[in-house]
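Q: Take this sequence and fold it.
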Amino acid sequence: MNASCRKIKQQGGSFALISLDLDNFRHINDTLGHKIGDAVLVAIARRLSDSLTPQDMLVRVAGDQFVVMMPSASANEIIQHARQLFSTAAAPLQIEHYVLLLTASIGVVWSPQNGAESRLLLQNAEIAMYRSKYRGRNQVTCFDDNMRTELERQTGLTQALRLALESKRDLRLVFQPQFSLVDRHLTGAEVLLRWRHPQLGDISPAEFVPLAEQAGLSGLLDRFVMEQAAIQQAAWVRAGFSLKLSINLSVLSLRVTGLAKEILALLGKYDIPAQLMEVEVTESVDLEGSSEAMAEILQLRAAGVSIALDDFGTGHSSLSYMQQLPLDIVKIDQSFIRSIQPTECPGNAILRAIIALAKALHLEIIAEGVETEEQHSWLAAEGCDIAQGYLHGKPVDRLEFEQRYLRQSA
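A: Numbering: from 1, shown residues only. Predicted structure coming up:
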């Protein structure tokens, strides 16, 4: 392919590269075996080759990833070719007695617009292909320069986050207060992680948490938060404050055998009553049906740690989670709180039904994102237990939390 690229370049021509990667191919190897997986690759390569013209070139670059080089054509024609390859890979495939339905993620680049050298073009095609996977797989994405800029930022942030975890610098905890809707007394706080990059400043958790998960750092993040929260909780207990702290744990951490034992050991090390700790879990496909995660959650709850279902109502199977998980608390997502209206509306009815369901299951109810007195009053009248949101307090550092909330509460 390098020789072909150089030849076209010397002739002053242009061409397109299409990077195609089968989605979830590892699942085939894991469930049906490598023999079937190899047969799939051979069959897909033959299919792709048969769909090309003599001027096109097909190369298998690695594993289940293929690259097609096509001569210069209009953008619409190249995209149409890419979608034809997409359909070719997705047609039902029979291997021995298995009928397999595959999908593919595709990235498209053009030379010289997206790079003159073959190495750079291949990289950019792969970046576009992985963007297709990030967007949900089973689609075609055309490369643009912003994708490389974003990838370089992500790579730099991932490396910096790893260093921050190793040095335990630039990472800090903040605490968002939670108040009773009945008498507005302080009941607890959610522990949140913040990261200030030495050069880039504050990085949003919405950006660095997914990067940590992709890089296998979520376990280290969770351990950092757990230990720092335990140290702070111990200091507050010694000072005479009895306050429940709520910690978010990633599903990836929950699926690691021994996590509950590790958390309980931390509580024992710092002499913290288990009843003063709460673990929040979020609905996800990875959590559903995970016997490992369920075992860890059960062990924590048996020791007295409260279990909360976070962002209730935004996942794909909220009701089944309420039935399957050993819950103590339901946190209603702020999108439902924002829908509250002074006059009756569908949003009010849905929220009222959620509260009634949680009450019937004897679960404590925390409303997230409470920002107005009207929302507070409506939730209190409907029997919701606790409010968390900017109306009552934004996340603040330890010192401000103590001065503004703990001491006033005491």
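
Q: ranges for the helices of the stretch 151-300 of the chain?
A: Counting by DSSP state H, counting those that start in this stretch, residue ranges of the helices within the stretch 151-300 of the chain are 205-214, 218-238, 251-254, 259-269, 291-302.

Q: Out of those, which one sits most buried?
A: Of all the helices of the stretch 151-300 of the chain, helix 251-254 carries the top mean neighbour count, a mean of 20, counting by mean count of other C-beta atoms under 10 Å. Every residue, glycine included, has its C-beta placed from N, CA and C.

Q: who's in contact with that one?
A: For helix 251-254, the external contacting residues (C-beta atoms under 8 Å, 6 or more residues apart in numbering) are 213, 218-219, 222, 259, 281-282, 284, 286-287, 290, 292-293, 296-297.

Q: Among those residues, name the least confidently predicted one.
A: Lowest pLDDT of the contacts of helix 251-254: Asp286, 64.

Q: mind saving the C-alpha coords of stretch 78-92 as PDB?
A: Provided in PDB are the C-alpha atoms of stretch 78-92 (Å, rounded to 0.1, in the frame of the first residue of the first chain):
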ATOM      1  CA  ILE A  78     -16.400   7.600  -1.800                       C
ATOM      2  CA  ILE A  79     -19.000   7.800   1.000                       C
ATOM      3  CA  GLN A  80     -21.400   5.700  -1.100                       C
ATOM      4  CA  HIS A  81     -18.600   3.100  -1.600                       C
ATOM      5  CA  ALA A  82     -18.000   3.100   2.100                       C
ATOM      6  CA  ARG A  83     -21.600   2.400   2.800                       C
ATOM      7  CA  GLN A  84     -21.600  -0.400   0.300                       C
ATOM      8  CA  LEU A  85     -18.700  -2.000   2.200                       C
ATOM      9  CA  PHE A  86     -20.700  -1.400   5.400                       C
ATOM     10  CA  SER A  87     -23.700  -3.300   3.900                       C
ATOM     11  CA  THR A  88     -21.500  -6.000   2.600                       C
ATOM     12  CA  ALA A  89     -20.000  -6.700   6.000                       C
ATOM     13  CA  ALA A  90     -23.400  -6.600   7.600                       C
ATOM     14  CA  ALA A  91     -25.100  -9.200   5.400                       C
ATOM     15  CA  PRO A  92     -25.900 -12.500   7.300                       C
END
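
Q: Sort out which residues of it are buried, please.
A: Buried residues in stretch 78-92, counted by 16 or more other C-beta atoms under 10 Å: Ile78, Ile79, His81, Ala82, Leu85, Phe86, Thr88, Ala89.

Q: Would you mind measuring from the nearest residue to Leu157 once chain neighbours are set aside to Arg162?
A: Of all residues not flanking Leu157 in the chain, Leu211 sits nearest, at 5.8 Å (C-beta to C-beta, 6 or more residues apart in numbering). Distance of Leu211 to Arg162, computed by C-beta to C-beta, to the nearest Å: 10 Å.

Q: Between those two, which contacts overlap?
A: Joint contacts of Leu211 and Arg162 (C-beta under 8 Å, 6+ apart) are Leu217.

Q: which of the buried residues of stretch 78-92 lies closest to Ala356?
A: Comparing the buried residues of stretch 78-92 against Ala356 with C-beta to C-beta places Phe86 closest, at 46.6 Å.

Q: Count the residues that sit near the residue lying closest to Gln94 once chain neighbours are set aside.
A: Nearest non-adjacent residue to Gln94, counting by C-beta to C-beta, 6+ apart: Leu100, 7.6 Å away. Around Leu100 sit 14 other residues, with neighbours defined as other C-beta atoms under 10 Å.

Q: residues touching the residue nearest to Leu157, list them.
A: Residues near Leu211 by C-beta under 8 Å, 6+ apart: Gln154, Leu157, Thr158, Leu161, Leu217.

Q: repeat that with 7 Å
A: Leu211 sits next to Gln154, Leu157, Thr158, Leu161 when contact means C-beta atoms under 7 Å, 6 or more residues apart in numbering.

Q: where's the first one relative to Tyr134, distance?
A: Separation of Gln154 from Tyr134 (C-beta to C-beta) stands at 11 Å.

Q: These two: which has the busier surroundings?
A: More crowded of Gln154 and Tyr134, by other C-beta under 10 Å: Gln154, with 16 against 12.

Q: Who are the contact partners of that one?
A: For Gln154, the contacting residues are Leu211, by C-beta under 7 Å, 6+ apart.

Q: mind checking pLDDT for it?
A: 92.

Q: what's the longest strand in the protein?
A: strand 186-197 (DSSP state E).

Q: Count the residues that sit near Asp38.
A: Counted by other C-beta under 10 Å, the residues lying close to Asp38 total 13.

Q: Kindly indicate whether it is helix, strand or coil.
A: helix (DSSP: H, G, I helix; E, B strand; the rest coil).

Q: Could you pull up the contacting residues of Leu181?
A: Going by C-beta under 7 Å, 6+ apart, Leu181 touches His376, Leu379, Ala380, Cys384, Asp385, Ile386, Ala387.

Q: Strands along the stretch 1-150 of the chain, start to end?
A: Here the stretch 1-150 of the chain has its strands, by DSSP state E, counting those that start in this stretch, at 15-22, 57-62, 65-71, 93-95, 98-100, 104-111, 140-142.

Q: want to try a markdown table for these, with mean pLDDT as columns?
A: What follows is the strands of the stretch 1-150 of the chain, written out as a markdown table (pLDDT from 0 to 100):
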| stretch | mean pLDDT |
| --- | --- |
| strand 15-22 | 92 |
| strand 57-62 | 91 |
| strand 65-71 | 91 |
| strand 93-95 | 92 |
| strand 98-100 | 91 |
| strand 104-111 | 92 |
| strand 140-142 | 92 |
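
Q: Can you convert those strands into TSV and add a column each for distance to Arg196?
A: Rendered in TSV, the data for these read as follows (distance: least, C-beta to C-beta, whole Å):
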stretch	distance to Arg196
strand 15-22	36
strand 57-62	38
strand 65-71	38
strand 93-95	50
strand 98-100	48
strand 104-111	34
strand 140-142	33
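
Q: Find the pair from the buried residues of stretch 78-92 with maximum spatial separation.
A: Longest span within these, C-beta to C-beta: Ile78 and Ala89, 16.8 Å.

Q: For this structure, which residues score under the pLDDT cut-off?
A: Applying pLDDT under 70 to the chain picks out residues 1-13, 73, 285-286, 288-289, 315-318, 410.
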